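> I'd like to go over a predicted model; first the sequence, then the structure.
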Amino acid sequence: MQTLKDGVLTLSGSVIAIGAFDGVHKGHQAVIKQAVEKSRVDQVPSVVYTFDPPPRNFFKGVQVLTPIQEKVSRIAKLGVDYVIVASFDEWYATRPPEDFICELSKLNPVEISVGSDFHFGKNRAGDVNLLEKYFHINITPPVYCNGGKLISSTRIRQLISEGDFQQSYSLLGL
């Protein structure tokens, strides 16, 4: 697996999973695995496009669950061909959604996998509906734990703050 900065890679075809993927929990793993499986069927490289730091850390200062090296290591275990890490900073946060679409176009995606709440661009102006105007999108359904609660990075942070490490590790798939 190769790890690259945003804007560096050009491909003749790909399947992309996009997200902050902080924690690379079971819900994130579902998005990534879906992209990897589709890439194998279509015989094109799989790409994970992620951000460092995660946007919620940048905007709201929330705790980062996985430092970038650990995140990339967990993603690599899922069989991904490339990881693109965008430096999420003030400049990146002010980019219009169209810039992101142009960048994705260089990867010639056959399909893009995202969660249903995916947003991008300045003021979160871009969403799944905008992406669908340019690319074939596969929205991965949310993943729930055995207790019926949504698996999310926010929930894992909550469990950690409450000292429930066993359940947080379970949701992370560790």
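Sure thing, it's come through.
> Residue 76 reaches residue 69, doesn't it?
No: at 10.7 Å, residue 76 does not count as touching residue 69 under the criterion of Cβ atoms under 8 Å. For every residue, glycine as well, the C-beta is placed using N, CA and C.
> what's the longest helix in this structure?
If each helix of the chain is counted by residues according to DSSP state H, the longest one is helix 26-42.
> Check which element follows that helix along the chain.
Next along the chain after helix 26-42, taking DSSP states H and E as the criterion, comes strand 46-52.
> ok, back up a step: and residue 76 and residue 69? Which one has more around it.
Higher neighbour count among residue 76 and residue 69: residue 76, with 15 against 10, using other Cβ atoms under 10 Å.
> what about the closest residue to residue 79 other than its chain neighbours, distance to residue 142?
What sits nearest to residue 79 in space, not counting adjacent residues and going by Cβ to Cβ, 6 or more residues apart in numbering, is residue 36, at 4.9 Å. For residue 36, the distance to residue 142 equals 19 Å [Cβ to Cβ, to the nearest Å].
> Of those two, which one has the most company?
Legend: neighbour count by other Cβ under 10 Å for residue 36 and residue 142, higher for residue 36 (22 against 13).
> Now do the contacts for that one.
Taking Cβ atoms under 8 Å, 6 or more residues apart in numbering, we find residue 36 in contact with 15, 17, 46, 78, 79, 80.
> hmm, who's touching stretch 132-152?
25-27, 30-31, 34-35, 38, 101, 104-105, 109-116, 128, 131, 155, 170-171.
> Pull up the per-residue confidence for the spatially most central residue of the chain.
Centroid-nearest residue in the chain, with Cα atoms, centre = their mean: residue 19, separated by 2.0 Å. Reported pLDDT at residue 19 in the predicted model: 95.
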